[in-house]
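[1] here you go, sequence then predicted model.
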Amino acid sequence: MASVFSRIIRGELPAAKVYEDDLTLAFLDINPASPGHTLVICKEEYPGLIELPADLIAAVAQTTQRVAKAIQTALHPDGFNIVQNNGAAAGQVVFHYHVHIIPRWEGDRAISYWRPGTSDPETLQVTAAQINAHIDKETP
Ligand code: 5GP
């Protein structure tokens with residue numbers, strides 16, 4: 001079944017569109033964490049970062065920067081968060097790759113993201129080596 005975002009692309013559902021090109025679309029989140037909270041999506045439907053081809057990751061990243069610059073000029077936030085959820089455990093609700101741009105103002109309480117934990121240097125080294133062993137060095 002088509003995702004809710006694919007239905008927006010097709011014009012079956014309304015959206016407050018911010019920017020569109022051949023590969024990407026940016027529109028305001030229907031439940032904004034702050035004014036100007038924007039979603040940047042890949043028009044082709046992939047569930048998340050793992051599945052998305054590298055050229056489309058690049059296209060979404062370019063649009064994210066383009067829209068963030070416009071938000072900076074239009075709304076003058078003090079900063080912004082770029083958030084991209086993968087998997088229900090990480091809070092993903094719509095399984096169609098998208099990036100959140102969340103403008104932030106000093107003192108706002110828009111999001112509380114993660115609580116810093118603790119680790120020891122040895123555990124960090126072991127985990128880093130474990131991940132590094134699986135890095136695909138063939139694919140650019
Ligand atoms: P996720 O948790 O999957 O990273 O984020 C999904 C986001 O999509 C949520 O912030 C939610 O408010 C937004 N959203 C869900 N359905 C719609 C919709 O129909 N229109 C718009 N504009 N945003 C939506």
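    Arrived safely, thanks for sending. Numbers count the residues shown, from 1 in each chain.
[2] how about the residues of the chain near the ligand?
    4, 13, 15, 27-31, 39, 85, 91-94 (C-beta under 6 Å from any ligand atom). Bear in mind the C-beta positions are built from the backbone N, C-alpha and C, glycine included.
[3] for the longest helix seen in the chain, packing partners?
    Counting residues, the longest helix found in the chain (DSSP state H) is helix 54-75. Applying 3 or more C-beta pairs under 8 Å, 6 or more residues apart in numbering; DSSP states H and E, one finds that helix 54-75 makes contact with strand 17-20, strand 24-28, strand 38-42, strand 79-83, strand 98-104.
[4] so, low pLDDT: which residues of this structure?
    112, 140 (pLDDT under 70).
[5] go again with 90.
    1, 109-116, 137-140 (pLDDT under 90).
[6] just to revisit the earlier point, the longest helix of the chain vs strand 38-42, what angle?
    160 degrees (axes from the mean of the first three to the mean of the last three C-alpha atoms, to 10 degrees).
[7] between which two of the residues of the chain next to the ligand is the distance greatest?
    Leu13 and Gly91 (21.8 Å; C-beta to C-beta).
[8] about what we covered before: can I get the helices and strands packed on helix 54-75 in CSV with mean neighbour count?
    Converted to CSV, those look like this (neighbours: other C-beta atoms under 10 Å):
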stretch, mean neighbour count
strand 17-20, 14
strand 24-28, 21
strand 38-42, 24
strand 79-83, 15
strand 98-104, 22
